[in-house]
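Peer 1: Predicted model follows, preceded by the sequence.
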Amino acid sequence: MADGFSQTAILAAIASALAMSAIVAVRYLLSSGGFALATRAVRPGLYERLGPQIGSEIRWSLLSALIYGVPAGVVAWGWQEHGWTRIYTDAAAFPLWWMPVSLLVYLFAHDTWFYWTHRWMHAPRPFRIAHAVHHASRPPTAWAAMAFHPIEAVTGAVVIPALLFIVPIHVVMLGLVLTIMTVMGVTNHMGWEIFPRALVHSRLGGGLITASHHQLHHEKYRCNYGLYFRFWDRLCGTDAGVAQPGWDGR
Ligand SMILES: [Zn+2]
Ligand SMILES: [Zn+2]
């Protein structure tokens, strides 16, 4: 081939994308399934009568997993085969303080991207075409973590792979970013607050988004757009605070 990528390389990249889609799907089923089981133990009956909704949450989420796997798998292949990205494995390659800072940079950059694309998707046309799928979860459940229309899934799938080309990150910190992303995506939708009330209402908790905050987004729509931090909501006047203590029957 004229420009460097052989047919075998392209097949390997496609295989990596499919493998990553399968990994993301399994990660979704285990994390959402795990917290759904926890919900059954802690809040028996909370998802009662939500069976049909949960079915569609799972179908949209598995489609999203397929989409998320494509950029992630291609970038993982490029990292392994061609040294793409700024992922590093030698802890001494950057000062040690960069590890926690890089974690915060990734979370903040992802949060910023999410806030603005999310606000855009609440405009009437994008909402009708795409974002209505996510808001069909009323109330959301642990299975809604990846329940997105393909258009929304694409906007979500590209952000971390793109950052990997710009911001250096140790592979362990990357694992931590993905773990936080997965756990918060599930717990913010599961219909009850998993974090202690003292934390949610503390100064530190006041800057973070948990279920008590995102639940209000699903109730009121035009507020609380953020992903991890309340920074942009506060700055832009879209923060409606957290649901009243006891909203989740606790
Ligand atoms: Zn949501
Ligand atoms: Zn929304």
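Peer 2: Done, it's in. Ligands and ions are numbered 1, 2, ... in the order given.

Peer 1: Count the neighbours of residue 93 for me.
Peer 2: Residue 93 has 11 neighbouring residues, counting by other Cβ atoms under 10 Å. C-beta: built from backbone N, CA, C; applies to glycine.

Peer 1: Please tell me how far it sits from residue 249.
Peer 2: For residue 93, the distance to residue 249 equals 49 Å [Cβ to Cβ, to the nearest Å].

Peer 1: cool, and residue 212?
Peer 2: 13 Å.

Peer 1: cool, residue 124 as well?
Peer 2: Residue 124 is 34 Å from residue 249, by Cβ to Cβ.

Peer 1: same question, residue 133
Peer 2: On the measure of Cβ to Cβ, residue 133 and residue 249 end up 27 Å apart.

Peer 1: Nearest spatial neighbour of residue 150, chain-adjacent residues omitted?
Peer 2: What sits nearest to residue 150 in space, not counting adjacent residues and going by Cβ to Cβ, 6 or more residues apart in numbering, is residue 67, at 6.0 Å.

Peer 1: which element is that neighbour on?
Peer 2: Using DSSP states H and E, residue 67 sits in helix 51-82.

Peer 1: by contact count, what packs against that helix?
Peer 2: Helix 51-82 sits against helix 7-42, helix 150-157, helix 159-163, with contacts defined as 3 or more Cβ pairs under 8 Å, 6 or more residues apart in numbering; DSSP states H and E.

Peer 1: from the chain's centre, how far out does it sit?
Peer 2: Computed by Cα atoms, centre = their mean, to the nearest Å, the chain-centroid distance of helix 51-82 equals 11 Å.

Peer 1: And it, what's buried?
Peer 2: 53-54, 57-58, 60-79 (16 or more other Cβ atoms under 10 Å).

Peer 1: before we move on, what about stretch 241-250?
Peer 2: Residues of stretch 241-250 classed as buried by neighbour count (16+ other Cβ under 10 Å): 242-243, 247-248.

Peer 1: Tell me which residues are up against stretch 180-196.
Peer 2: Residues outside stretch 180-196 that contact it (Cβ atoms under 8 Å, 6 or more residues apart in numbering): 27-28, 31-32, 35-36, 39, 42-43, 46-47, 107, 110, 137, 139-142, 144-146, 160, 200, 205, 209-215, 218, 227-228, 247-250.

Peer 1: Sitting in helices, which of the residues you listed do you find?
Peer 2: 27-28, 31-32, 35-36, 39, 42, 107, 110, 160, 200, 211-215, 218 (DSSP state H).

Peer 1: Put the buried members of the residues you listed into a ChimeraX selection.
Peer 2: The following ChimeraX line selects those of the ones in helices among the contacts of stretch 180-196 that are buried, judged by 16+ other Cβ under 10 Å:
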select :27,28,31,32,35,36,39,107,110,160,200,211,212,213,214,215,218
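
Peer 1: so residue 199 makes contact with residue 205?
Peer 2: Yes - using Cβ atoms under 8 Å, residue 199 is in contact with residue 205, at 4.4 Å.

Peer 1: Between these two, which has more neighbouring residues?
Peer 2: residue 205 (19 against 13).

Peer 1: The more buried one and residue 67, how far apart?
Peer 2: From residue 205 to residue 67 the distance is 32 Å (Cβ to Cβ).

Peer 1: residues touching residue 243, list them.
Peer 2: Here residue 243 is in contact with 212-213, 215-216, 219 (Cβ under 8 Å, 6+ apart).

Peer 1: could the residues you listed be laid out in a markdown table, adding pLDDT and distance to residue 8?
Peer 2: Shown next, in a markdown table, are the contacts of residue 243 (pLDDT from 0 to 100; distance: Cβ to Cβ, whole Å):
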| residue | pLDDT | distance to residue 8 |
| --- | --- | --- |
| 212 | 95 | 51 |
| 213 | 96 | 48 |
| 215 | 96 | 49 |
| 216 | 96 | 51 |
| 219 | 96 | 52 |
